[in-house]
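In: no letters, just coordinates:
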């Protein structure tokens with residue numbers, strides 16, 4: 001049929017070229033040609049019909065293929081998300097303490113198993129979990145699930161490769177450790193709402209004897225492997241441990257922290273006074289029979305170790321210390337920056353911030369050098385609350401007021417706000433002497449426990465007024481509470497991401513949110529703005545002293561001198577900080593590196609989007625995926641920019 005059509009076309013063309021003034025009328029054509037034209041016309045119509053049918057068939061096949069692909073992606077993504085939550089839930093249910101922190105009352109009478117035997121079992125499970133994950137085809141996952149796959153794969157792989165460093169830690173130190181955590185855990189996380197909860201508390205008191213024995217064993221094993229805390233650590237941890245078994249029922253005086261806590265919680269139960277007294281009597285016996293001998297064993301071993309402890313402070317002293325510290329930096333910052341690069345970045349940032357501080361000196365008309373201004377800020381009484389109970393109450397009230405004021409302005413900066421409540425609380429007396437300056441504890445997912453910003457008010461001379469505003473924003477709103485509570489409340493992402501943690505992301509966000517309020521009019525008082533800069537300077541100095549201590553072999557005293565010379569912080573604050581960095585290698589580098597990355601991503605987004613840039617949308621991109629490594633955070637911002645353009 002196609003050949004006949006070509007012949008007719010050629011005949012018509014010849015007629016036209018041959019001088020015909022008009023197109024030949026069909027009626028004038030010979031009948032044979034007319035028939036051929038009819039056939040050709042029919043052929044064209046049929047060809048068109050066939051072509052349309054082919055296109056429809058192809059479209060149908062494409063639609064079916066797309067549908068099959070969509071179904072395959074949905075099925076594989078659902079299976080992957082189920083696996084993510086299965087792995088998370090299995091790990092959660094293997095940890096009685098994590099269950100309690102999450103508001104779950106299963107295994108409410110138990111402690112975690114901290115033995116190396118259990119660590120070996122956990123390691124084997126991690127290897128098996130990675131194999132389960134690798135059975136999934138990431139090419140068949142939707143974008144959000146693919147991100148989850150990448151994050152979990154990296155997390156499990158890192159845990160497996162880092163298992164060799166599991167003994168490179170100080171399980172008892174002045175910053176953290178089960179010697180103090182067990183007590184704060186019972187006080188702050190173990191709720192008593194009925195009699196069974198009270199008996200679970202008592203069971204945990206009995207379990208502290210074995211827990212402290214296992215903790216002593218963890219110290220012994222590390223010492224055998226050449227890992228032991230520096231000498232200065234021991235006075236702190238021994239003092240904290242002694243405080244736990246000081247007071248009734250152990251000896252004369254006020255109730256000990258645990259006895260007081262148990263009595264307070266039982267008093268609120270709706271049971272008879274006789275039943276309450278029975279519970280208190282059982283708790284008293286548990287304190288005497290288990291808690292006291294458990295801590296006595298630990299204290300005895302700590303004193304024994306103290307006699308053998310050295311005065312070297314950096315991670316370089318540990319077996320394969322250089323390699324360990326390199327890996328610690330990589331894990332903390334989620335970058336490949338070397339210790340040297342981090343050190344030099346710190347020096348550069350210190351110089352920049354010093355120059356900004358000199359501008360504030362001019363604003364307040366201070367006559368003198370920067371170091372003289374530092375000394376003025378350290379020593380002038382106007383900048384400190386009285387070192388009294390009233391002074392401490394005033395501090396807590398003012399910190400709460402800063403947070404309340406910021407809460408009213410959140411809509412200017414954020415699309416989503418946290419639902420969980422936040423309270424400002426003083427660090428408990430039994431651990432305030434050794435605890436950090438300030439820290440945050442996330443809320444319980446079920447709403448039974450609010451987020452808590454802890455301020456250490458042991459010595460009010462270490463908590464200047466001019467740093468209060470920035471500190472409240474960092475630990476509370478829009479800082480850690482904003483980020484961690486929103487992460488926990490996110491929907492349609494797996495639990496391991498909701499409750500995950502990347503130090504550079506979390507602490508980078510905290511430091512960024514110290515700066516952010518300035519852009520909407522906070523820090524009106526120039527001294528308060530100086531306090532903001534002082535806290536940023538503090539984090540810049542951390543880059544210098546952390547790498548100095550752990551890579552360049554600085555002594556504790558050398559690091560203290562650097563902070564004294566380059567920051568306005570009180571000497572006691574400086575000493576506590578350096579001692580913290582010593583027992584937590586690399587952790588202090590996270591803040592500034594994370595903040596600088598967030599600021600650089602914001603600058604990039606502003607440049608690319610111009611007038612279409614929205615600070616609220618940018619913050620949503622940072623927060624809506626939960627905690628992320630910095631490289632993956634950058635990928636998410638880049639995707640946002642592409643979608644927005």
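Out: Structure received. Since this is a predicted model, take the numbers as computed values, not measurements.
In: CA atoms for contacts and neighbours, from now on please.
Out: OK.
In: what sits up against the helix or strand hosting residue 592?
Out: Secondary structure assigned from DSSP states H and E places residue 592 in helix 590-609. For helix 590-609, contacts defined as CA atoms under 8 Å, 6 or more residues apart in numbering pick out 332-333, 503-512, 536, 539-540, 543, 613, 618, 630, 634, 637-638, 641, 644-645.
In: got the buried residues for it?
Out: Buried residues in helix 590-609, counted by 16 or more other CA atoms under 10 Å: 590-595, 597-598, 601-602, 605-606, 608.
In: what of stretch 216-232?
Out: Quick answer for stretch 216-232 (16+ other CA under 10 Å): 216-220, 222-223, 227-232.
In: for that stretch, measure first residue to last.
Out: By CA to CA, to the nearest Å, the extent of stretch 216-232 from end to end equals 18 Å.
In: run through who's touching it.
Out: Contacts for stretch 216-232 (CA under 8 Å, 6+ apart): 115, 167-173, 297-298, 301, 306, 309-313, 318-319, 583.
In: ok, now with 7 Å
Out: Residues outside stretch 216-232 that contact it (CA atoms under 7 Å, 6 or more residues apart in numbering) are 167-168, 170-171, 298, 301, 306, 309-313, 318-319.
In: farthest pair within these?
Out: Using CA to CA, the two most remote members of those are 298 and 319, lying 24.9 Å apart.
In: neighbour count winner among the two?
Out: residue 298 (24 against 14; other CA atoms under 10 Å).
In: other SSEs contacting the host helix or strand of the more buried one?
Out: In the assignment (DSSP H and E), residue 298 maps to helix 292-306. With contacts taken as 3 or more CA pairs under 7 Å, 6 or more residues apart in numbering; DSSP states H and E, helix 292-306 sits against helix 195-224, helix 231-244.
In: and the strands in the stretch 51-200 of the chain?
Out: For the stretch 51-200 of the chain, applying DSSP state E, counting those that start in this stretch gives no strands.
In: which stretches of it have low pLDDT?
Out: Within the stretch 51-200 of the chain, the ranges that satisfy pLDDT under 70 run 51-68.
In: circling back to that earlier point, and the buried residues of stretch 216-232 as CSV, adding pLDDT?
Out: Output for the buried residues of stretch 216-232, formatted as CSV (pLDDT from 0 to 100):
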residue, pLDDT
216, 98
217, 98
218, 98
219, 98
220, 98
222, 98
223, 98
227, 98
228, 98
229, 97
230, 97
231, 97
232, 96
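In: select, from those residues, the two members most distant in space.
Out: Pairwise distances across those (CA to CA) peak at 20.7 Å, for the pair 217 and 232.
In: make a markdown table from the buried residues of helix 590-609 and add distance to residue 395 and pLDDT to it.
Out: A markdown table is the format used below for the buried residues of helix 590-609 (distance: CA to CA, whole Å; pLDDT from 0 to 100):
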| residue | distance to residue 395 | pLDDT |
| --- | --- | --- |
| 590 | 28 | 97 |
| 591 | 25 | 97 |
| 592 | 27 | 98 |
| 593 | 30 | 98 |
| 594 | 29 | 98 |
| 595 | 27 | 98 |
| 597 | 32 | 98 |
| 598 | 31 | 98 |
| 601 | 35 | 98 |
| 602 | 34 | 98 |
| 605 | 38 | 98 |
| 606 | 38 | 97 |
| 608 | 43 | 97 |
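In: can you redo these as CSV with distance to residue 325?
Out: Compiled in CSV, the buried residues of helix 590-609 are given as follows (distance: CA to CA, whole Å):
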residue, distance to residue 325
590, 14
591, 17
592, 18
593, 17
594, 18
595, 22
597, 22
598, 24
601, 27
602, 30
605, 33
606, 36
608, 37
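In: least confident secondary structure element in the protein?
Out: Every helix and strand of the chain was ranked by mean pLDDT, DSSP states H and E. The lowest is helix 2-17, at a mean of 35.
In: and the contacts of stretch 429-444?
Out: 101-103, 174-175, 236, 240, 243-244, 420, 449-456, 458, 475, 480-481, 484-485.
In: now with 6 Å?
Out: Residues from elsewhere that reach stretch 429-444, judged by CA atoms under 6 Å, 6 or more residues apart in numbering: 102-103, 174-175, 240, 243, 449-456, 458, 475.
In: could you do stretch 126-143 as well?
Out: The contact list for stretch 126-143, computed with CA under 6 Å, 6+ apart, reads 73, 77.
In: ranges for the helices of the stretch 451-600 of the chain?
Out: 468-475, 480-489, 495-498, 503-515, 526-550, 556-566, 571-583, 590-609 (DSSP state H, counting those that start in this stretch).
In: and of the ones you listed, who's closest to residue 362?
Out: For residue 362, the closest of these is helix 526-550, at 10.4 Å, according to CA to CA.
In: next up, phi/psi of the residue nearest the centre of the chain, please.
Out: Most central in the chain under CA atoms, centre = their mean is residue 501, positioned 3.5 Å from the mean C-alpha point. The phi/psi pair for residue 501 (degrees, to the nearest 10) reads phi -150, psi 130.
In: give the contact list for it.
Out: Counted by CA under 6 Å, 6+ apart, residue 501 has contacts residue 627.
In: for it, give me the pLDDT.
Out: Per-residue pLDDT puts residue 501 at 93.
In: and residue 616, by the same measure?
Out: Looking at residue 616, its pLDDT reads 97.
In: and the angle from the strand or helix carrying it to helix 503-515?
Out: Assessed by DSSP H and E, residue 616 sits inside helix 615-623. Orientation note: helix 615-623 sits at an angle of 160 degrees relative to helix 503-515 (axes from the mean of the first three to the mean of the last three CA atoms, to 10 degrees).
In: next step: the contacts of stretch 216-232 restricted to helices.
Out: By the criterion of DSSP state H, membership of the contacts of stretch 216-232 in helices covers 298, 301, 306.
In: and the first one, how close does it get to residue 218?
Out: Looking back up the chat, that one is residue 298. In this view, residue 298 and residue 218 are 11 Å apart by CA to CA.
In: over to the second one?
Out: Summarising the geometry, the distance separating residue 301 from residue 218, computed by CA to CA, is 11 Å.
In: same question for the last one.
Out: Between residue 306 and residue 218 the distance is 15 Å, computed by CA to CA.
In: next one: residue 619
Out: Relative to residue 218, residue 619 is positioned 42 Å away (CA to CA).
In: could you do residue 194 as well?
Out: Residue 194 is 35 Å from residue 218, by CA to CA.
In: try residue 377
Out: Applying CA to CA, the value for residue 377 to residue 218 is 43 Å.
In: just the helices in the stretch 51-200 of the chain please.
Out: Secondary structure of the stretch 51-200 of the chain by DSSP H, counting those that start in this stretch: the helices cover 96-101, 116-134, 143-161, 178-188, 195-224.
In: can you put those helices in CSV and add distance to residue 252?
Out: Shown next, in CSV, are the helices of the stretch 51-200 of the chain (distance: least, CA to CA, whole Å):
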stretch, distance to residue 252
helix 96-101, 31
helix 116-134, 38
helix 143-161, 47
helix 178-188, 20
helix 195-224, 20
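In: so for residue 394, which of these sits nearest?
Out: Each of the helices of the stretch 51-200 of the chain has some distance to residue 394 by CA to CA; the shortest is helix 178-188, at 23.1 Å.
In: give the buried residues for the closest one.
Out: 178, 179, 180, 182, 183, 184, 186, 187.
In: quick one: that helix to chain centroid distance?
Out: Centre-to-centre, helix 178-188 and its host chain are 21 Å apart (CA atoms, centre = their mean, to the nearest Å).
In: relative to helix 292-306, how tilted is that helix?
Out: Between helix 178-188 and helix 292-306, the angle comes out at 150 degrees (the same axes, to 10 degrees).
In: what angle separates helix 178-188 from helix 231-244?
Out: Per the same axes, to 10 degrees, the angle that helix 178-188 makes with helix 231-244 is 40 degrees.
In: what's helix 178-188 packed up against?
Out: Using 3 or more CA pairs under 6 Å, 6 or more residues apart in numbering; DSSP states H and E, no helix or strand is in contact with helix 178-188.
In: can you count the residues close to residue 113?
Out: Residue 113 has 16 neighbours, counted by other CA under 10 Å.
In: so it versus residue 213, what's the distance?
Out: Residue 113 is 12 Å from residue 213, by CA to CA.
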